[in-house]
Each structure stands twice: as C-alpha cells, then as structure tokens.
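1. when you get a sec, could you give me coordinates for this:
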Amino acid sequence: MFDVVLKGGEVIDGTGKTRFKSDIGVSQDRITAIGNLESSDSGTVIDASGKLVCPGFVDVHTHLDAQVFWDGTLSPSPLHGVTTVIGGNCGFTIAPLSDDPAVGDYLMRMLSRVEGIPLECLQEGVPWNWKSTAEYFDSMEGRLSINAGFKVGHSALRRVVMGTAATEREATDEELKAMQELLRLGLESGGIGFSSSWSRTHNDPFGNMVPSRYASRGELIALCEVLADFEGTSIEFIPALGPFEQWAMDLMADMSVAANSPLNWNVLNINARTLEEGKKKLEAGDVATSKGGKVIALTVPMTLGLHLNFLGGFVLDALPEWENFILKSRHEKMEILSDPVARKELDDFAQQDSPLRNVAHWGAKTIFHTKAPENKQYVGKTIYEIADEVGKSPWDTLVDIALADELETSFGNPVDDEPDTDWEARVEVWRDSRAIIGASDAGAHLDLFISSNYATYMLGEAVRKRNLLDMEEAVHMLTKVPAELYGLVDRGVIKEGNYADLVVFDENTIGSEPTSIVNDLPLETPRLFAGAYGVEHVLCNGEEIVRSGEFTSNQPGTVLRSGTHTKNPSMV
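-> All right, here's what the predicted structure looks like:
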C-alpha cells in the first residue's frame, strides 16, 4: 500500500533522459515504486494524466534565513516547484550570535541594508533567541514546508569574534583561530558550508564595508581549510564585480583547493551583449581545474526587472551623494522631498556623471505600483507621459506621486519581451559545465526585484515559448545539477529509494505570473510577489505542500545537515 500514488503522468526523472509514462508510488517520505501501479489501496491518488512529473527544483542561492520564522512556507518559491533551498549566502547569516545583544542588532541591521529586508520585519518577525548555529538550526525544525540547508557566514563570524573591530581591520592570528573554531562548531551542527563576499556593493548601514570585506586573503583561505574536515560542505563567494582580474580567479581556486570543496560565485547575468564577457569570467573554472579545485558560476536565467522606490532605496543609494538620503527614515525622506530646495539639490546630485547616471533618467521610468487611490491612474504609464498630463518636470512628477504614496511608489524600466538572441546566449551558458542555474536571492531585495520565480519563468520562456531546449534538459539543469553541486543525498532525481520531492505541471501553460505586491510581511509590510502558471501539485518528502497554486497546511520540510543530508560533492 502506498501513501500517495501519482497516476498516469509523463515522468521526467531529472537525469536528462527522455520522458516516459509511468505511475509513481510514495510511502512515507520516499519513492518506493515506479511503473504501472494499482492505486485502489492508496491513501491519496493524484491524477497526473496529461501532465509532467519531475523532481522538485533545487535553489542553491537564497537569503531565506530570517523568513523561516514568519513564513514557514518560504513563499513564493514552492509555488514555482522549488522543494530544496540553500541559505546563508554572501557571508550574511543570523547565526552564530553571542552573549552581547549588540551582535544580533548589528547583523540584523546589516542584513536589512545589504539584502533589502525591512528592518521592522526583522525586529518583529525573528526571535533572536539563540547563540550557537546549532540552536538556530534547532529553532526552525518542524516549521518548514520545504527542505532548507544553511551555510555559516563570514560576516557573522567576524562580528562575534572581533566586535566592532570587524569593520575596522584585518584579524589577528588569535582572532582568526577563534573564527575557525566558531566555524567548526557551525559545521559540526550541520552547516553545509561557508560563505563570504568582497563585493564593493556590500556595505553596512553605518558607512562601513561589511565585515567580510576587511578580511585578508589569508583569512579566507584559513577559514576554507576548516571545511576539508567535514563531509558534504561547499563554499559560496563574491570576489568582485565586473570583469575578473587574475587575482580573483586565483583566490577562488585556492579557496576551493583549501576546502577540498566546490566554490560557486555569484552572479553571472547573461544576454547577447554580455555573452563574451561572461565567457571570460567562466575561465575562473579553468584556473581552478588546473590547481585541483572546482569553481562554478551561478547564473540567473532571466533579466531582473528592478522595482525602484524611495523607501528602501536600493540601487538609488549608489547615485552620487544619495546614500545619506536613503539611510534616513521615511519621515525624514518625505520632509526632504517636500522641500523644493532640497528636492532640487537631490536631483542635481543624481544627474552628475556617474556609472549609474541612466538610473536617474526619471522620465523614462514606468510606474509599476502605487498606494494612494489618486495615483492608481498612473500605473503602467511612463513619467514622461504623466508629466505631460500634469504640466510638471519628470522629477517633480515622480516625487509628488511618491509623496502621495508615502514613498511606496514602485517604478523602473520594464523588462520587455527579450529577443531570442538573449535567450540563446543564456542557453549556451547553461550548457557550460563551469556554470549552473541558481541565483534567485529568494527572501532578499523584497521591494527591488523578484527572481524566486526563476524556474517557471525559465521553463515558460526558454522551453515553452521559444523551444530553445528540450524540457528534459531544462529540468535536469534545475534538479540533478544543483543537487549534485551541493552533494544532496537522494534528491534531484526520480528513482526508487529517493526522497519524494516531486512537481506535477502542465508543459503547455508553465510560466510565472506577473509581478504584484502583497502585504504579507510582519506588520503587513509590502513585498514583491509572483505566483506560477501550470504548477498543479508539489510534494516535499512525500507530502503535498502545493495544490492548484495554493499552499496546504503540511510542513514536511527538513533542515538539511551536512554529512547527514549531504555528502562530499564531486570535484570534477
């Protein structure tokens, strides 16, 4: 007798092999039979006829570390077929903490600043009642819809060990040894790796670089060496933005060799114009191979449509002299924008020559979402169009709309229907063994962009609409490939004995719904959101968590622990 039978679907097993028609029998959390099955004695029968059945998708780059406490579904990721996520990336983790409450307060404010999670949500929605990484992991057991594994973050280690000096200088030998020991404790409790960042965009809310950016090369290598003693661990790192210099490639290779683990770097954005530059960055994988390491690029399979606003201010804070403005409170910003002199000064700064000058091309921006009833008429229009209607400059037009919305107006440049050449360039990179799909940032940048819908968006655009690759190959890229990168045990492929992480979807309608705004964060704070088309059932560990686009009440997700739920990933 089976607990669940998925009846009559076409199975794409994740290996890349041709689909085949079969039933799937599930007992408890495992796939126990594949074939022509009788379902009369089964507890639940899911009619999959006319649909595809594949493994659950694996999202290896998220920032869901805090969301687990106010939303155990980890929405919207499971609505798009994701059944396993990896958090703790970029060095930004909320464990470990220490006896000093200032550590938690700093990490909370840093996370809010660099990952775009409203501070009030972190204050209201996260208990902050642990000290060790082990206690953090234990606190989320039994409350998740999907599987989640977490790395130990470099910035957290530095802040716990070094206090305020973490954002002032390199570590002493004694401090480095203390960080190694703290990392070791995190890995012993099940941390599935180590993460760090040297990205120049990562700065804290106090005008400093984040702690990991003060680390020396030797510190990074020494921390990676700790991973070599632990089964099933990996590294995630951001070395730099723009083209890679040789030092960046050598550093990542040496980190991988020290850990005896793969390193994945974030992020590779590809379209037809950036393809050749992207190929040069992929050469980091060749450098690693020559040294006995493994370095893989994370590539996001879509263009991110940025939703800018004056409240959070990400991206806008990179305009000349804008950082101080963006760091102010909502009330202070509204006062500045209401003052004609201060308002003009802010725009004058924005119009200075800078790499992001085009961001301040206000008239070309489109209004995506508004709050005030009188602004509803402007949704979908450009600022130029609205300015002509109201007889104001584009800048004054945008500011007046934003003030009426209490700065919650969302605006930006729409992602138009991209040419096939852009998607062809992406497919070329997806097929490169030095790259892997997976840079969703799910749980972060909640008002700036949404890419936790990457799986259904990719399947809809590249497979269904453009037929640039077979569904079997696309599913393989979303399942087995990322599962193997992290050494996930018994996941990523449909076969007897593996965990029953399964997705039933309609290949004729699969895709992402348009981006919308929902007010479902703590204190009813808004965020960007997108559901999915065509995803009819999602099972995690044998239990149905999504049915017809809605969450069930089941929470069968596992907190993944290194060495138990992961094994050493391949280094070739």
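2. surely V295 touches W265?
-> Yes. The pair formed by V295 and W265 meets the contact definition of C-beta atoms under 8 Å, at 6.7 Å. Every residue, glycine included, has its C-beta placed from N, CA and C.
3. common neighbours of these two, please.
-> With contacts defined as C-beta atoms under 8 Å, 6 or more residues apart in numbering, the residues adjacent to both V295 and W265 are 252, 284.
4. so, low pLDDT: which residues of the stretch 1-150 of the chain?
-> Nowhere does the stretch 1-150 of the chain drop to pLDDT under 70.
5. tally of neighbours for the closest residue to F230 other than its chain neighbours?
-> For F230, the nearest residue in space outside its immediate sequence neighbours is L187; the separation is 4.5 Å by C-beta to C-beta, 6 or more residues apart in numbering. Here the count is done by other C-beta atoms under 10 Å, and L187 has 25 residues near it.
6. pretty sure L187 is touching T233, no?
-> Yes. When contacts are counted by C-beta under 8 Å, L187 is listed as touching T233 (6.1 Å).
7. quick revisit: OK, contacts around the residue nearest to F230?
-> Under the criterion of C-beta under 8 Å, 6+ apart, the neighbours of L187 are 152, 226-227, 229-230, 233, 562.
8. quick one on the thing from earlier: who touches both of L187 and T233?
-> Overlap between the neighbourhoods of L187 and T233 consists of 227, 562, taking contacts as C-beta under 8 Å, 6+ apart.
9. returning to that earlier point: which one of the contacts of L187 is nearest to L311?
-> Within the contacts of L187, proximity to L311 (C-beta to C-beta) peaks at V152, which comes in at 31.6 Å.
10. can you tell me how far that closest one is from L223?
-> 9 Å (C-beta to C-beta, to the nearest Å).
11. so what sits against both of those two?
-> Overlap between the neighbourhoods of V152 and L223 consists of 183, 194, taking contacts as C-beta under 8 Å, 6+ apart.
12. residues near N309, how many?
-> By the other C-beta under 10 Å criterion, the neighbourhood of N309 contains 22 residues.
13. hmm, it is touching S410, no?
-> Yes. Counting by C-beta under 8 Å, N309 does reach S410; the two are 5.3 Å apart.
14. please enumerate the shared neighbours of the two.
-> With C-beta under 8 Å, 6+ apart, N309 and S410 have common neighbours D447.
15. and stretch 162-176, end to end?
-> Between the opening and closing residues of stretch 162-176 we find a distance of 9 Å, counting by C-alpha to C-alpha, to the nearest Å.
16. which other residues reach it?
-> 100, 102-103, 155, 158-159, 161, 179, 204, 206, 208-211, 214-216, 219, 222-223.
17. try it again with 10 Å
-> For stretch 162-176, the surrounding residues in contact (C-beta atoms under 10 Å, 6 or more residues apart in numbering) are 98, 100, 102-103, 106, 110, 154-161, 177-179, 203-204, 206-216, 218-219, 222-223.
18. by neighbour count, sort out the buried ones in those.
-> Burial of the contacts of stretch 162-176 was assessed by neighbour count (16 or more other C-beta atoms under 10 Å); the buried members are 98, 103, 106, 110, 154-161, 178-179, 203-204, 209-215, 219, 222-223.
19. in the stretch 351-500 of the chain, which segments are predicted with low confidence?
-> The stretch 351-500 of the chain contains no residues with pLDDT under 70.
20. make it 90
-> Applying pLDDT under 90 to the predicted model, the residue ranges of the stretch 351-500 of the chain that meet it are 354-358, 415-417, 439, 447.
21. for it, what spans make up the strands?
-> Applying DSSP state E, counting those that start in this stretch to the stretch 351-500 of the chain gives strands spanning 366-369, 410-412, 435-437.
22. again with the stretch 51-200 of the chain
-> In chain order, the stretch 51-200 of the chain shows strands spanning 52-55, 57-59, 82-87, 147-150, 152-153, 193-197, with DSSP E, counting those that start in this stretch as the criterion.
23. do you know which of those lies nearest I270?
-> In terms of C-beta to C-beta, the element of those nearest to I270 is strand 57-59, at 18.3 Å.
24. and A248, its phi and psi?
-> phi -70, psi -40 (degrees, to the nearest 10).
25. that one is in contact with W265, isn't it?
-> Yes. Contact criterion C-beta atoms under 10 Å: A248 and W265 qualify, at 8.7 Å.
26. returning to that earlier point: okay, V295 and W265: which has more neighbours?
-> Counting neighbours by other C-beta under 10 Å for V295 and for W265 shows that V295 has the greater number, 27 against 24.
27. the residue nearest to that one when sequence neighbours are not counted: neighbour count?
-> If the residues on either side of it in the chain are set aside, V295 comes closest to A288, at 3.8 Å by C-beta to C-beta, 6+ apart. A288 sits with 25 neighbouring residues when counted by other C-beta under 10 Å.
28. looking at it, A288 is touching A248, isn't it?
-> No. In terms of C-beta under 10 Å, A288 does not count as a neighbour of A248; the distance is 11.5 Å.
29. now the residue nearest to F230: how far from A258?
-> According to C-beta to C-beta, L187 stands 14 Å off from A258.
30. thinking again about what came up before, for L459, find the nearest of the strands of the stretch 351-500 of the chain.
-> Nearest to L459, of all the strands of the stretch 351-500 of the chain, is strand 435-437, at 11.1 Å by C-beta to C-beta.
31. residues contacting L144?
-> With C-beta under 10 Å, 6+ apart as the criterion, the residues that contact L144 are 64, 68, 71-74, 85, 540, 545, 555-559.
32. need those residues in TSV with neighbour count and distance to L316, can you?
-> As requested, the contacts of L144 are exported to TSV (neighbours: other C-beta atoms under 10 Å; distance: C-beta to C-beta, whole Å):
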residue	neighbour count	distance to L316
L64	25	25
V68	25	29
D71	20	27
G72	18	33
T73	22	31
L74	25	28
V85	30	29
C540	28	38
I545	26	37
Q555	16	38
P556	21	41
G557	28	36
T558	19	39
V559	20	36
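33. using a markdown table, lay out those residues together with distance to D490.
-> What follows is those, written out as a markdown table (distance: C-beta to C-beta, whole Å):
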| residue | distance to D490 |
| --- | --- |
| L64 | 22 |
| V68 | 23 |
| D71 | 27 |
| G72 | 23 |
| T73 | 23 |
| L74 | 21 |
| V85 | 17 |
| C540 | 13 |
| I545 | 18 |
| Q555 | 20 |
| P556 | 15 |
| G557 | 15 |
| T558 | 11 |
| V559 | 16 |
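34. what number of residues lie near L107?
-> 25.
35. buried sites along stretch 368-380?
-> 368-371, 375, 378.
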